[in-house]
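In: model this:
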Amino acid sequence: MAQGSRDALEALLESDPIDDLAWTRHANPQAYRLVTQLRRYYRRELSHRGLTSPEAITVYYETVRLELLMWVTRADSAGRRLVPPACSSD
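Out: Predicted structure coming up:
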């Protein structure tokens, strides 16, 4: 999930709507506006978090993936693998 989120964010930020979405701009102006609004929103949010370069964003997502993997492999004191609360059968 983390990699997919990173890839989607990269595609959103690295694309040039004027060149890459020319057809969409003419065929569906509302969808084009949505993409441009999403780009502005995520650029602002990333800036607030200090993630202003592709490298910084990559490091952030690598850290998230590592934390998820460490959490999944963590065991409790009895050696049982921990399960997220939403996945438990209790």
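
In: list the helices and strands whichever strand or helix holds R44 packs on?
Out: Taking DSSP states H and E as the definition, R44 sits inside helix 29-48. With contacts defined as 3 or more Cβ pairs under 8 Å, 6 or more residues apart in numbering; DSSP states H and E, helix 29-48 has these neighbours: helix 2-14, helix 17-20, helix 22-27. Quick note: C-beta positions are derived from backbone N, CA and C, even for glycine.

In: Pull out the buried residues from it.
Out: 32, 35, 42, 46 (16 or more other Cβ atoms under 10 Å).

In: before we move on, which element is Y61 in?
Out: helix 54-73.

In: So which bits of that helix are buried?
Out: Buried residues in helix 54-73 (16+ other Cβ under 10 Å): 57, 60-61.

In: Reformat these as TSV; add distance to D16 and pLDDT.
Out: Output for the buried residues of helix 54-73, formatted as TSV (distance: Cβ to Cβ, whole Å; pLDDT from 0 to 100):
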residue	distance to D16	pLDDT
I57	18	94
Y60	23	94
Y61	22	93
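
In: sorry, back to before: relative to T73, which of the helices and strands packed on helix 29-48 is closest?
Out: For the helices and strands packed on helix 29-48, proximity to T73 was assessed by Cβ to Cβ; helix 2-14 is nearest, at 15.4 Å.

In: what comes into contact with the closest one?
Out: Identification of contacts with helix 2-14 by Cβ atoms under 8 Å, 6 or more residues apart in numbering yields 35, 38-39, 42-43, 54, 57-58, 61, 64-65, 68.
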